[in-house]
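>>> Return a 3D structure for these sequence lines:
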Amino acid sequence: MGVSKFLSTLSLFSTAIATVAVLHAGAALAVPVVPTCPDTGVTQTMHDLTVAGTTTTINGAIYTAVDTNGSVGTGNFPAFYKVQGDDCIQGYNTDGTEEFETQNAPLFTFLLSTTDVVSQGGVDYIEFHLDINQAKSDPGLSLDDVQIFASTDNMLTGWTADCKLGGVACIYDMDAGSNQAILLNYVQNNGSGNGYDMQLLVPVSIFAGLDPTANYVYLYSAFGSVGGAYTENDGFEEWSYRHCPDGEVCEVCWQTPQVPEPATVALLGSALLGGLAAARRRQPKPIA
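Prediction:
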């Protein structure tokens, strides 16, 4: 091998060694990307629901910490949406393209008409349940936002921080007006399927004017933005809703009572008067 060829080969070998060294150094100095949710670093009003029975109302919706003391039964409250990850996570149910940390679930979007309306204090609500899963040694978790959407399209995707999903504006936002955070405790109902940790009652009034048989319900939620002892650290967070169980008869709350047309009312009135007149004619004469 000539001197010039040897030097050229040596130069290429040196360059390769230097490149590997640079790549190795870069890998060693690489910083993991930390997920960022909309409320990360934002000042939030805290609501402590780490003790069973504590409750708070935010923008008309009632959030209550629950100790169900046993399984609630997946047949009565099947999961329609679950989200899982580390640190700060977010997601929503959809039959379209999944975003963020949303995980596959048995059910995604559902029609408003399938929900069983419950009444509390004279107000009608839709009832949601949240089951959280955290490490027993570090059981705290923050719920940083809940948003509700409704649409005749069950494939919406493309959530944006201005409370829109596929361009459709939300009809409920926990953070409307100011940023809120709910502090939860996994220890109350630890273990998969062992009850649920929080009840959410959303007023039926937010769905005013919508056809319940044609509109699908979406629920967006975010967790872990408070950080510290309330960071997401383990299994999935799962949402379900109250509906009529198979084989049972539930109150049909979404059907508006039919009001008779004026002509029908007039006919009913005429029939009633005619019946009364006939009844009078059939009355026996008084005995002399």
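
>>> Quick one, grab the pLDDT at I132.
Residue-level confidence at I132 comes out at 85, pLDDT.

>>> can you check A28 too?
At A28, the model reports a pLDDT of 43.

>>> same question, the one 3 residues further on
For V31, the pLDDT comes out at 44.

>>> cool, and the one 4 residues further on?
P35 carries a pLDDT score of 53 in this model.

>>> what does G191 give?
Per-residue confidence for G191 comes out at a pLDDT of 49.

>>> Also the one 3 residues further on?
N194 is assigned a predicted lDDT (pLDDT) of 50.

>>> Sort out which residues of stretch 235-243 are buried, please.
Neighbour-count burial for stretch 235-243, with 16 or more other Cβ atoms under 10 Å as criterion, is recorded at 236-243. (C-beta placed from N, C-alpha, C; glycine too.)

>>> of all these, which comes closest to C170?
Ranked by distance to C170 (Cβ to Cβ), these are led by W239 at 15.8 Å.

>>> buried stuff in the strand ranked longest in the chain?
Secondary structure assigned by DSSP state E gives strand 140-151 as the longest strand of the chain. Applying a neighbour-count criterion of 16+ other Cβ under 10 Å, one finds 140-151 buried in strand 140-151.

>>> do the same with stretch 42-54
44, 47, 49-50.

>>> Equivalent analysis for stretch 170-188, please.
For stretch 170-188, the neighbour count (16+ other Cβ under 10 Å) marks 170-175, 179-186, 188 as buried.

>>> Pick out whichever of these sits closest to N104.
Ranking those by separation from N104, with Cβ to Cβ as the measure, puts Y186 on top at 22.2 Å.

>>> What distance do you get for the closest one to G167?
Using Cβ to Cβ, to the nearest Å, we find Y186 at a distance of 36 Å from G167.

>>> next one: F207
When Cβ to Cβ is applied, the distance between F207 and G167 equals 19 Å.

>>> More neighbours: which of these two?
Counted by other Cβ atoms under 10 Å, F207 and G167 do not tie: F207 has more neighbours, with 20 against 9.

>>> before we move on, back to that, could I get the buried residues of strand 140-151 in TSV, plus columns for pLDDT?
As requested, the buried residues of strand 140-151 are exported to TSV (pLDDT from 0 to 100):
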residue	pLDDT
G140	75
L141	87
S142	88
L143	93
D144	92
D145	96
V146	97
Q147	97
I148	98
F149	98
A150	97
S151	98
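
>>> Would it be right to say that S113 lies in a helix?
Yes. Under DSSP: H, G, I helix; E, B strand; the rest coil, S113 falls within a helix.

>>> and it, how many neighbours?
Residues lying near S113 (other Cβ under 10 Å) number 16.
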